[in-house]
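A.B. asks: predicted model, plus sequence, below.
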Amino acid sequence: MNKTLRAQGRFWLTLDKRNFLGRGRIELLQHIHDTGSIAQAARAMRMSYKAAWDAVDAMNSAWGSALVEKGPAGSVLTADAHRLMRAYREGEARLQALMDELTDTLTGRGAGPDEP
């Protein structure tokens, strides 16, 4: 049998029991940071401007203060947005390490001789 077993998981930050930040929104925030534009970020992600704007508006509203603000030359991320992006990426990396460890255990690569 040539099958591959792998543990996988998805990481979300929730706010008041509702999904708040996930991989797609983090990617959107990164594109806004890189381009200074919600429209350009939307194009880079192949999504409509309205979908991108709705996501930004939902994040800003849920957080209670802006994560994306209008700047002199376009859109800019606030300090809170940068902090949340760092926390998300750290959490996602920790989850991936846990999934890799679980995969090793399930496939016998991580179990030592004394482990059941």
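C.D. replies: Yep, that arrived.

A.B. asks: now residue 70. Its backbone dihedrals?
C.D. replies: phi -80, psi 120 (degrees, to the nearest 10).

A.B. asks: distance of it from residue 97?
C.D. replies: Plainly put, residue 70 is 38 Å away from residue 97 if you go by Cβ to Cβ, to the nearest Å. The way it works is simple: take the backbone N, C-alpha and C, and place the C-beta from them, glycine included.

A.B. asks: same question for residue 69.
C.D. replies: 34 Å.

A.B. asks: next: residue 25.
C.D. replies: In terms of Cβ to Cβ, residue 25 sits 22 Å off from residue 97.

A.B. asks: which one's more surrounded, these two?
C.D. replies: residue 25 (22 against 10; other Cβ atoms under 10 Å).

A.B. asks: could you tell me whether that one really is in a helix?
C.D. replies: Yes - Residue 25 forms part of a helix when assessed by DSSP: H, G, I helix; E, B strand; the rest coil.

A.B. asks: the strand or helix carrying residue 69 packs against which elements?
C.D. replies: Assigned by DSSP states H and E, residue 69 belongs to strand 68-71. The helices and strands touching strand 68-71, judged by 3 or more Cβ pairs under 8 Å, 6 or more residues apart in numbering; DSSP states H and E, are helix 49-63, strand 74-77.

A.B. asks: any chance of CSV for the ones you listed, columns mean neighbour count and distance to residue 19?
C.D. replies: Shown next, in CSV, are these (neighbours: other Cβ atoms under 10 Å; distance: least, Cβ to Cβ, whole Å):
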stretch, mean neighbour count, distance to residue 19
helix 49-63, 15, 10
strand 74-77, 16, 20
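
A.B. asks: quick one: closest of these to residue 39.
C.D. replies: Across these, residue 39 has its closest neighbour in helix 49-63 (5.2 Å, Cβ to Cβ).

A.B. asks: gap between residue 83 and residue 67?
C.D. replies: Taken as Cβ to Cβ, the span from residue 83 to residue 67 is 10 Å.

A.B. asks: compare these two and say which is more crowded by neighbours.
C.D. replies: Set side by side, residue 83 and residue 67 show more neighbours around residue 67, with 22 against 12, by other Cβ under 10 Å.
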